[in-house]
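*Asks:* The sequence and its predicted three-dimensional model are supplied below.
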Amino acid sequence: MRNLLVAALLAAFALSVGAQGQKSTYKVPRTPDGQPDFQGYWTNLTYTPYERPKELANKPFYTEKEAIEAFNKAVAESENQVVHYVNTDFGATPVQTGAKPNLRTSLVIDPSDGRIPPMTPEAQKREAARTAAQRAGGPLARTWRDDRGTVWCVFHERAVPAVTAPYGSNYQIVQSKNYIVMIYEWNSERRVMSLDQPHGAVPLYAGDSRGRWEGDTLVVDTTNFNPKRTFMGSPGTPPAVSVTPTFHLTERFTRTADDTIVHSYTVDDPMTWTRPWTVEMPLHSIKGPMLEYACNENNVDAFTTLRNARLQEAGKLAPPDRTRNVEDPKATVLEREEKK
Amino acid sequence: MIRATISASVLATLLAGAAMSAQTYRALRTASGQPDLNGFWQALNTANWDLEAHEAAAGPVLQLGAAYAVPPGAGVVVDGPIPYKPDALAMKRKYAANALREDAEVKCYLPGVPRVMYMPYPVQIVQSTDTIVMMSEFASAVRTIYINGTARPPADTWMGWSNGKWDGETLVIDSRGFMSGTVGALDEEGAVHVRFLDRAGNYHTDGLHVVERIRRTGPDHLQYEATIEDPNVYTRPWTIRMPLYRRVEANMQLGDFKCEEFVGDLVYGKYQKK
């Protein structure tokens, strides 16, 4: 099965390599309104690290052979992850959804070392204070607001700006003459981009997005993010940082093949970083449909997390033993408990 | 109840008349030649309070006084009263009496179909040739309509599975695959046992099948009609009909009404650290 999978990926990879970097002769399909057609289902799941590993500081690109090796190594490692269930059983690893090898060694492409530039001294102080305030509450969730990893359904912060996720990073794009809608699978987040209105006045969690066409490229200008949210803090990215009122996102979407949209974005927030920086995350086509996420509807995670936290505080429930049965890294928690 | 029936039938006659005069309107076309339903649409009635004719009434929370009292309404059921089976009508009364616990709107759960279309929040329609997206401000609810789609629902969901087709000027949407309520709810605070169609306790189960007919009756109006079928609850299919009005403001856009922010303390309160 694994060999079949890799063979299929190699075939797909030939296309992916051709699409990146060089001037393409690809003719972008058009909507009935004459706009480049980006409609369909896409994923930005990837095994490429967000920031470049330090040992690859001067190597922004792999060779084709190296890229495939790095991809296969990452796939193998992700299958060995210890989680609450077997990811592959749920079709929940990126390779099962449609992630492809990438010639780039990191998603951050500017600065040239592939690393996010330093934060300003003021931002470092601000974020240290925010983190300290969070830690002061102790390790157990006090309210439903505390654990944004599993129980927070208000907004899925990986959606905009797009940040690497372990699974579920799929998009449906629908276009009309004046609007482009991107529906993100995780939390069914939706993002409505007007092509002909000025920016609105009220902050939005996904920011206030306005699109325009520059040739066949969709350029999206997003401001006015809700300052209650954060950015990053996902596995594989730096810790979460506040999204300030000066946070400005500029994105470019270019369809370079039937199965590829190159998506890049520049983050500019003088209240946080010493200079703007840029990420490139290709979107690869996948088979639809996407189903409803319904995060808040009977959020069992939230009830369990909070109820067990209160029971632990009352001494009625032992804290989870994270050391048992570590000799079998492939066993799921359930299997290990059965063995015990 | 007799008075409610008369009002509903009078209303049905009036609506039928309005529909006749609107039948001559030909909508502008999208570039692919379909009637253009793009825009922001909103009901201007009290259907979300009670689909049937109702008098004004005090609201459910004493302290809110007149601010959240129930406004009166002539009802939107064309062929009412809603044809409940006898035991289902008894359940409706029970649910109505317990609406603060049973109504998914209170818990910010996805409102389903047809309710999402007549809640007091705008619905933006973004229309493409093969796909139409309908997005409500409430709970960021999204519906995807697959034009000429024939797929059966792959799973039961809160917003259901919608296949659409064009019948001349009218978009006909067939929706199935709805959740009945919460499945295996861990905690009663999070549970809803059926799905409310309004705040008055009118409800459906996972037997729901909805056929909507939407047509543009003018530059700023849609006629919205939904036939509701659920053999678990009703003796026959029944129909609601109402206009939806275009939000004409130049700066109109969907805001965030991510209401989990407003209900987390209510739903999880008893497990939170005081």
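*Replies:* Everything's here; your move.
*Asks:* Where does the prediction get shaky in chain B?
*Replies:* Across chain B, the stretches falling below the confidence threshold (pLDDT under 70) are B:1-23.
*Asks:* hey, where'd the helices end up in it?
*Replies:* Shown for chain B, the helices assigned by DSSP state H span residues B:2-22, B:86-97, B:99-102, B:115-118, B:260-268.
*Asks:* do the stretch 201-340 of chain A as well
*Replies:* Secondary structure of the stretch 201-340 of chain A (DSSP state H, counting those that start in this stretch): helices at A:300-313, A:333-339.
*Asks:* Mind telling me which of those helices the model trusts least?
*Replies:* Within these, the stretch with the lowest mean pLDDT is helix A:333-339, showing a mean of 49.
*Asks:* low pLDDT regions in the stretch 1-150 of chain A?
*Replies:* Along the stretch 1-150 of chain A, the model assigns pLDDT under 70 to residues A:1-23, A:79-90, A:147-150.
*Asks:* Near chain B, which residues of it are found?
*Replies:* Among all residues of the stretch 1-150 of chain A, those adjacent to chain B (criterion: C-beta under 8 Å from any C-beta of the partner chain) are A:31-34, A:39, A:142-145. Where C-beta positions appear, they are placed from N, C-alpha and C, glycine not excepted.
*Asks:* Kindly indicate the member of those residues with the most neighbours.
*Replies:* With neighbours set by other C-beta atoms under 10 Å in any protein chain shown, the maximum within the residues of the stretch 1-150 of chain A next to chain B is found at residue A:144, which has 28 neighbours.
*Asks:* Counting neighbours, what do you get for the residue lying closest to it once chain neighbours are set aside?
*Replies:* Excluding the flanking residues, the one nearest residue A:144 by C-beta to C-beta, 6 or more residues apart in numbering or on different chains is residue B:264, at 4.1 Å. Residues contacting residue B:264 under the criterion other C-beta under 10 Å number 23.
*Asks:* quick one: residue B:264 and residue A:143 touch, right?
*Replies:* Yes - at 7.3 Å, residue B:264 and residue A:143 qualify as touching, with contact defined as C-beta atoms under 8 Å.
*Asks:* End to end on stretch A:100-120, go ahead and measure it.
*Replies:* Across stretch A:100-120, the straight-line distance between its terminal residues is 35 Å, by C-alpha to C-alpha, to the nearest Å.
*Asks:* Repeat that for stretch B:98-109.
*Replies:* 17 Å.
*Asks:* Report the buried residues of that stretch.
*Replies:* B:99, B:102-109 (16 or more other C-beta atoms under 10 Å in any protein chain shown).
*Asks:* Also within reach of chain A: list those from the residues you listed.
*Replies:* Restricting the buried residues of stretch B:98-109 to those near chain A by C-beta under 8 Å from any C-beta leaves B:104, B:107-109.
*Asks:* where do the strands sit along chain B?
*Replies:* B:39-42, B:123-127, B:131-136, B:142-147, B:161-167, B:170-176, B:195-196, B:203-204, B:209-218, B:221-229, B:238-246 (DSSP state E).
*Asks:* contacting residues around the first one?
*Replies:* Counting by C-beta atoms under 8 Å, 6 or more residues apart in numbering or on different chains, the neighbours of strand B:39-42 from elsewhere in the structure are B:120-125, B:222, B:244-247, B:252-254.
*Asks:* Repeat that for the longest one.
*Replies:* Surrounding strand B:209-218, the residues in contact under the criterion C-beta under 8 Å, 6+ apart are B:18-19, B:22, B:25, B:27, B:35-37, B:113-114, B:117, B:160, B:167, B:169-176, B:222-230, B:243.
*Asks:* Show me which residues of the stretch 101-250 of chain B sit near chain A.
*Replies:* Applying C-beta under 8 Å from any C-beta, one finds that the stretch 101-250 of chain B approaches chain A through B:104, B:107-110, B:124, B:126-129, B:131, B:133, B:135, B:139-140, B:142, B:144, B:146, B:151, B:154-155, B:157-159, B:179, B:182-187, B:189-191, B:250.
*Asks:* again, only this time at 7 Å
*Replies:* For the stretch 101-250 of chain B, the contact set with chain A under C-beta under 7 Å from any C-beta of the partner chain comprises B:108-110, B:124, B:126-129, B:131, B:133, B:135, B:140, B:142, B:154-155, B:157-159, B:182, B:185-187, B:190-191.
*Asks:* Pull up the residues of the stretch 151-300 of chain A that are close to chain B.
*Replies:* Within the stretch 151-300 of chain A, the positions near chain B by C-beta under 7 Å from any C-beta are A:153-155, A:174-177, A:179, A:181, A:183, A:188, A:190, A:192, A:194, A:197, A:200, A:202, A:204-205, A:291-292, A:294, A:296-300.
*Asks:* coming back round to it: closest one to chain A out of the buried residues of stretch B:98-109, please.
*Replies:* residue B:109 (4.7 Å; C-beta to the nearest C-beta).
*Asks:* in stretch B:232-246, what's buried?
*Replies:* Counting neighbours by 16+ other C-beta under 10 Å, one finds that the buried residues in stretch B:232-246 are B:233-234, B:238-246.
*Asks:* Go ahead and name everything in contact with that stretch.
*Replies:* By C-beta atoms under 7 Å, 6 or more residues apart in numbering or on different chains, the list of residues contacting stretch B:232-246 from outside reads B:15, B:39-45, B:47, B:51, B:76-80, B:82-85, B:88, B:114, B:118, B:203-205, B:207, B:220-229.
*Asks:* got a list of what residue 60 touches?
*Replies:* Going with chain A. By C-beta under 7 Å, 6+ apart, the contact list for residue A:60 reads A:104-105, A:114.
*Asks:* was after chain B, sorry
*Replies:* With contacts taken as C-beta under 7 Å, 6+ apart, residue B:60 has the following neighbours: B:99-100.
*Asks:* Recalculate using a threshold of 10 Å.
*Replies:* For residue B:60, the contact set (C-beta atoms under 10 Å, 6 or more residues apart in numbering or on different chains) comprises B:68-70, B:99-100, B:103, B:106, B:199.
*Asks:* Over to residue B:189?
*Replies:* Counting by C-beta under 10 Å, 6+ apart, the residues that residue B:189 touches are A:298, A:303, B:101, B:107, B:266-271.
*Asks:* and what of residue A:123?
*Replies:* Residues in contact with residue A:123 (C-beta under 10 Å, 6+ apart) are A:241-242, A:244, A:269-274.
*Asks:* Swap in 7 Å and give it another go.
*Replies:* For residue A:123, counting by C-beta under 7 Å, 6+ apart, the contacting residues are A:271-272.
*Asks:* likewise residue A:187?
*Replies:* Counting by C-beta under 7 Å, 6+ apart, the residues that residue A:187 touches are A:153, A:156, A:293, A:295.
*Asks:* Spatially nearest residue to it, not counting backbone neighbours?
*Replies:* On the basis of C-beta to C-beta, 6+ apart, the spatially nearest residue to residue A:187 that is not a chain neighbour turns out to be residue A:156, at 3.6 Å.
*Asks:* number of nearby residues for the one you found?
*Replies:* 23.
*Asks:* now residue B:44
*Replies:* By the criterion of other C-beta under 10 Å, residue B:44 has 11 neighbours.
*Asks:* For the nearest residue to residue B:177 once chain neighbours are set aside, give me the backbone phi and psi.
*Replies:* For residue B:177, the nearest residue in space outside its immediate sequence neighbours is residue B:153; the separation is 2.5 Å by C-beta to C-beta, 6+ apart. Backbone dihedrals for residue B:153, given as degrees, to the nearest 10, come out at phi -60, psi 130.
*Asks:* Would you check that residue B:153 makes contact with residue B:175?
*Replies:* No - counting by C-beta atoms under 7 Å, no contact exists between residue B:153 and residue B:175, whose distance comes to 8.7 Å.
*Asks:* Pick out whichever of those two has more residues nearby.
*Replies:* Set side by side, residue B:153 and residue B:175 show unequal neighbour counts under other C-beta under 10 Å, the larger going to residue B:175 at 23 against 15.
*Asks:* Just give the number of residues close to residue B:218.
*Replies:* For residue B:218, the tally of surrounding residues (other C-beta under 10 Å) stands at 13.
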